[in-house]
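S.K.: could you look at this predicted model? Sequence included:
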Amino acid sequence: MMRLPAFEYLVPETLDEAVVMLADHPSAVVVGGGTDLFPNMKRRQVSPATVIALGAIEGLRGIEIDDDGAVMIGALTSLRDLAASPDVPVALASAAAEVASPQIRNVATVGGNLCVDTRCEYINMTESWRLASGFCLKADGDVCWVAPKGEECVAVSSSDLAPVVVALDAEVGLVGPDVSRTLAASDLYRSDGIDYLGKSEDEIVATLTVPPRPGWRTTYRKLRRRGSIDFPILGVAAAVQVSDDGIVEDARLVLGAIASAPIRARDAEEAVVGSRLGPEVVARAARLAAEPVRPYDNVDLGSRYRKWMAPVFVARALEDLR
Amino acid sequence: MMGHAVVGRPGPRVDAAEQVTGRTTYAGDITLPGMLVGGLLQSSQAHARILRIDTAAAETLPGVRAVITGADLPIPYGILPVSQDEHALAVDKVRYVGEPVAGVAAVDAETAEQALALIDIEYEPLDVVTSIDEALASGTRIHGEVEGDNVHRRAALEFGDVESGFEAAHAVRENVYFFRGSNHAALEQHAAVASAGHDGRLTLWSSTQVPHYVHRTLEKVLEIPAGRIRVIATPVGGGFGGKTDPFSHEIVAAKLAMVTGRPVKIVLSREQVFYAHRGRHPVLMWVKTGFDPEGRITAMHFRSFLDGGAYGSYGAASLLYTGALQTTTYRIPNYKFEGVRVFTNKPPCGPKRGHGTPQPRFALECQLDEAAADLGLDPVTIRRRNLVEPFSMTVNHLRITSCGLAECLDRVVEASGFFAKHGTLPEGKGIGLAVGAYLSGAGLPIYWNDMPQSEVEIKVDRGGGVTVFSMAADVGQGSTSVLAMIVAEVLGLDTADITMVTADTDLTPVDLGSYSSRVTFMAGNAAKEAAEGIRDRVAAAVADELGLPEDGVAAAGGRVGAEADGEKTLSWADAVRAAIARGGPLIASGSYRAPDLAGPYRGAGVGISPAYSYSVAVVEVDCDAETGEVKVTKVWLAHDIGRALNPLLVEGQIEGGVYMALGEALMEEQAYRGALHKGPSLLGYKTPTFLEMPPVESILVETNDPEGPFGAKEVGQGPLLPVVPAVANAVHDALGIRADEVPITPDRVVKALREASRGGNGRIGPEGVPKFDFGRLTRVKIPEGFS
Amino acid sequence: MTNGTITLTVNGEAHRLASADHRTLLESLREDLGLTGTKHGCELGECGACTVLVDGLAVLSCLTLAVQVQGAEVTTVEGLADGAVLHPLQQAFAELGAAQCGYCTPGMLVTAAALLERNPRPAIDEIRQALAGNLCRCTGYIKILDAVSLAARRAR
């Protein structure tokens, strides 16, 4: 049986305590549901000396709507609860409902999925496999086998929620040792397979806030091989504000699982604003959204096919919103 | 014929209650006092000379009890006598990434893991061979020290005269196909526990389909007399052919137990299961077939190229199987088979459900659909015009007995509404059909001997309790239940009255194992004969006791006596006591050995069977032309089972076979990047989930085979065969593209559709096959009786 | 909190165990408590074989620390039957041949038990969705689907 490496296990009761623990332990990580961290640890991709479990912290679980209509989601809310919530935008609930498997959604958390580690067919492997391959940039090695000439890790952002929260202009609440702050979801992600989060290592994602969006329609389209278990190998989040007479007034289109960070397709957004979502507009937006996409052959079904699928999935997402 | 009380009725498995309560003890569940945890060090090299292995640091790690290497297990072995090319731990060379190089036994798993990491190996890398083309070219040899090609085996056989058959043909078609390899991915990882006493006796519990062959291998490699080795096959958590070889971890666990004097357990990691492999061979195929104007086959020339991986395993047989069963469904008057199996630096391939026959069946059934279109025929008519006759000989000397192929075809066509749908469904939807046949047990044992292939013993105690002893290993197919049912039927008892002792080389008489779909037919016949021996003794005693004529005594409903007269009967227990009083211990045995069926040529031992099962599948698909997704919406599967001893279990095998076929048709692939497995995990290796599985309509056709027990034939493997090509044929109906390669993945579908839209041929598949000299052709006389 | 004694409540029985914090619930159940009914097929959360219930919720014991579930009620396949009386799901699985090799069966059973607990009348598609994280290689899932449906019908 694959086993976890030994670690010190800490269970803070408050967020402040957790932040202090994180600061005091140099090689520490926080864990929510553990469904991403523990497999990575079993494969020895990471072997943190300290694991800080956030599960006992009060008040980080649940979904509330404030007076302005913003939806506040605690980082420890399970994906199962998020998927079942009538209070969150459709795209967010459906993205949560499509993560992994029912058992994983029962324990995996919103914060965990937002911060899910980037993935690559050269890294999500056992230590013995990686030894045979010669290890890689992201762990224990000094070369990227996917793009050997490059300097950067091209592991893929594999969060289903990430493109959705960017499309929803959501914010995450971060708690750090000195200050608490909010960060636009779009700034939570960096296009670097290793250093893929735009928060500092001593900050903990505590909340996700989705601003009120009366009149917006949202959707999420996921590409994967099977109807369950699999990570996204392309995810398209779309949100549009449509006037009463069917004209798109504002739009967000974000592609996930196609690069190291979600990609916002601004040209495509501009292409739909001011128009109806008719076939020609959708096709043009799909083309524009997909054009800059440069997937690598490092997750299931490779690069060319995912490049081909980008316009198809963008178009289908926009058609959902018609 | 009398009605049957047990046979033919659906009923649960005899071990169902244990299974659903979590009490079934698989090998990995076993814990023995003082047991150590064993582990295997995997080669990090695909092809390399081992210059040095330093185990000193591992040996001195506290908690480590033993470290062994290839030097400790120098005797080679292999499942086939002609391929004794494996070592439990690599000797001198490693030939694939993941090959076991060293074994450790330690007080716990973490210590074993640490010890493995401390073993230092110096390798000298050698050229790596990863494809059929590379293997056929001259280069570094994987086996043997000299330069040369990496051909493992070749075969060239001709029956009749294919050239004259092609000359006489109205139309001749040539196609190439590629069936990518796959793993069994049984949910239970292989596991073994060994215990060696200081009395020189060794016991091995293992998740194996073949305790008898493991027994023989341990005897050879460990140099212990067979009489001091006991092999117990634990309930197998899924086999599908993947637990049909003797494996490194079994031998290493045994050796470590002997060295340490303590029990040792080794459970393979999921990754190691993909390296132990023995899965479906990737096979590249070229098929040339001639047809007369009515679509009747005039000749077929079939070439196959098998990528065997690094060792022989069953490969010599796998190679011949790719050429053997083409003739069992269609009458082929002139047939030529040429094949080659090569070694590559990848985990060894072996037998998986259908062993060597799903690949050629895929090719043949796809080509027939194309030929039908050429000739203006429909897929059903072309097949009907070529079907073999029941009780006939094939051109390659296979004896056909019962054959329900025509009825399977008719019934599945009718149930699916094939004619109304084929070619008429809306764009993206399609329907496809294909047929298949499989052995009810290989006609010959794996090693030459003239002993029975199955033996069964029955002992009845004074309380009437019936215990059946058989070495057949239940791998989930329900063989233990079927044997219990057969005995219960003969003795007029309930299945629940029968105690089964199985798969234990100390306690049970030999059955060769659960492979080649042989247990129901062979062990079933042996069990029936043994039960009849018991029944005859009991009947004689009852006749004597009650003053009845011996032929007027029957056993039914738990009583034995006058058939028509309830007054003149004894309870089963009283009847048994009467028999013991008259004749002593109530024991009987039965055995089965297949008739001598081999034709007059080398290689004729592969493909013969006492009976063939037949299956016809119709598959309906709904394809997304934009994403390339192929969704199977319904499968109809008609199967000639001979006789369904337990229709519930038969249906379960059909559904499972259909499922596995859909996996292979659409997603399952043991894929590599160079010599590195692309995803040795259950996430990387895609198998269908609940959501990919369509409804299956099973249609049982009963032909009452004259030699099968109560007329029964196999069902474990046959139903898989037609489903894969039926999917490809349905995809063609839906999208107009030929998938001459499986799995039919969405990226390949989209690529083909894009090519088609640009005026290309819109086809998934290989361009051609390599030029190769298959060696001296053996011309075989057409059998007498072939017409 | 590290590497001390933990108390696990499994199938209604409390067990005190010395346990390292990095031990998974799967390891503790199988290796410390001898509850080998819970299986492992990948140990990475990819197959569902190790599913158990934690306070009624189906979770993967291979990705759950034993120390995490102190104070919770863990149910394994061994805890489904009521004494000698099988759980309706167990009865239906046995009758309909929903177990072939039986290795995925414990995980299927407890996952299905959690489903029926919260949704006694699941539609066919709800059953398929609920069990979509449990791989089976033998049955093609068909008899499993039939068995869960039958158990649900009988429970009404």
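M.R.: Received the coordinates, thanks. Since this is a predicted model, take the numbers as computed values, not measurements. Numbers count the residues shown, from 1 in each chain, chains lettered A, B, ... in the order given.
S.K.: tell me which residues touch B:Phe240, please.
M.R.: B:His184, B:Ala186, B:Lys352, B:Arg353, B:Val475, B:Met660, C:Arg137 (Cβ atoms under 8 Å, 6 or more residues apart in numbering or on different chains). Every residue, glycine included, has its C-beta placed from N, CA and C.
S.K.: what's the closest non-adjacent residue to it?
M.R.: Computed as Cβ to Cβ, 6 or more residues apart in numbering or on different chains, the closest residue to B:Phe240 that is not its neighbour in sequence is B:His184, at 4.0 Å.
S.K.: what's the neighbour count on that neighbour?
M.R.: By other Cβ atoms under 10 Å in any protein chain shown, 27 other residues sit near B:His184.
S.K.: and the gap between B:Gln359 and B:Leu700?
M.R.: Distance check for B:Gln359 against B:Leu700: by Cβ to Cβ, to the nearest Å, it reads 27 Å.
S.K.: ugh, typo on my part, it should be B:Thr327
M.R.: Where B:Leu700 is concerned, B:Thr327 sits at a distance of 25 Å (Cβ to Cβ).
S.K.: so between B:Gln359 and B:Leu700, which is more surrounded?
M.R.: Of the pair B:Gln359 and B:Leu700, B:Gln359 is the one with more neighbours under other Cβ under 10 Å, namely 29 against 20.
S.K.: show the subsequent helix or strand relative to the helix or strand hosting the more buried one.
M.R.: Counting by DSSP states H and E, the element that carries B:Gln359 is helix B:358-375. Counting by DSSP H and E, the element after helix B:358-375 in chain order, helix or strand, is helix B:379-384.
S.K.: list the buried ones in that next one?
M.R.: B:Pro379, B:Val380, B:Ile382, B:Arg383, B:Arg384 (16 or more other Cβ atoms under 10 Å in any protein chain shown).
S.K.: what sits closest to the last one if chain neighbours are left out?
M.R.: Think B:Arg384. Closest residue to B:Arg384 apart from its sequence neighbours, by Cβ to Cβ, 6+ apart: B:Leu409 at 6.6 Å.
S.K.: what lies in contact with the strand or helix carrying that neighbour?
M.R.: According to DSSP H and E, B:Leu409 maps onto helix B:405-416. Residues from elsewhere that reach helix B:405-416 (Cβ under 8 Å, 6+ apart): B:329, B:380, B:383-384, B:387-388, B:418-419, B:431, B:433, B:435, B:437, B:614-618, B:620, B:634, B:636-640, B:697, B:699, B:701, B:703.
S.K.: so how far is B:Glu158 from the residue of chain C found nearest chain B?
M.R.: Of all residues in chain C, C:Gly37 sits closest to chain B, at 2.2 Å by Cβ to the nearest Cβ. In this view, C:Gly37 and B:Glu158 are 56 Å apart by Cβ to Cβ.
S.K.: equivalent analysis for C:Ala130, please.
M.R.: For C:Ala130, the distance to B:Glu158 - Cβ to Cβ - is 56 Å.
S.K.: show me which residues of chain C sit near chain A.
M.R.: The interface of chain C toward chain A, taken as Cβ under 8 Å from any Cβ of the partner chain, is made up of C:1-2, C:20-24, C:26-27, C:40, C:43-46, C:48, C:51, C:57-60, C:62-65, C:67-68, C:111, C:129-133.
S.K.: picking that back up, higher neighbour count, C:Ala130 and B:Glu158?
M.R.: The residue with more neighbours, out of C:Ala130 and B:Glu158, is C:Ala130; 22 against 19, by other Cβ under 10 Å.
S.K.: quick one: contacts for that one?
M.R.: Contacts of C:Ala130 by Cβ under 8 Å, 6+ apart are A:Pro102, C:Thr111, C:Ala112, C:Ala114, C:Leu115, C:Pro122.
S.K.: checking the second one next. Helix, strand or coil?
M.R.: It stands for C:Thr111. What DSSP: H, G, I helix; E, B strand; the rest coil gives for C:Thr111 is helix.
S.K.: neighbours around the residue nearest to B:Arg384, how many?
M.R.: Neighbour number of B:Leu409 under other Cβ under 10 Å is 23.
S.K.: stretch A:315-322: which residues count as buried?
M.R.: Going by neighbour count (16+ other Cβ under 10 Å), the buried part of stretch A:315-322 is A:Ala315, A:Arg316, A:Ala317, A:Leu318, A:Asp320, A:Leu321.
S.K.: now, which of the residues you listed sits nearest B:Gly70?
M.R.: Checking these against B:Gly70 with Cβ to Cβ, the nearest one is A:Arg316 at 55.7 Å.
S.K.: where's the residue in the stretch 601-750 of chain B positioned nearest to chain C, which helix or strand?
M.R.: Nearest residue of the stretch 601-750 of chain B to chain C: B:Tyr659, at 3.1 Å (Cβ to the nearest Cβ). Following DSSP H and E, one finds B:Tyr659 within helix B:647-666.
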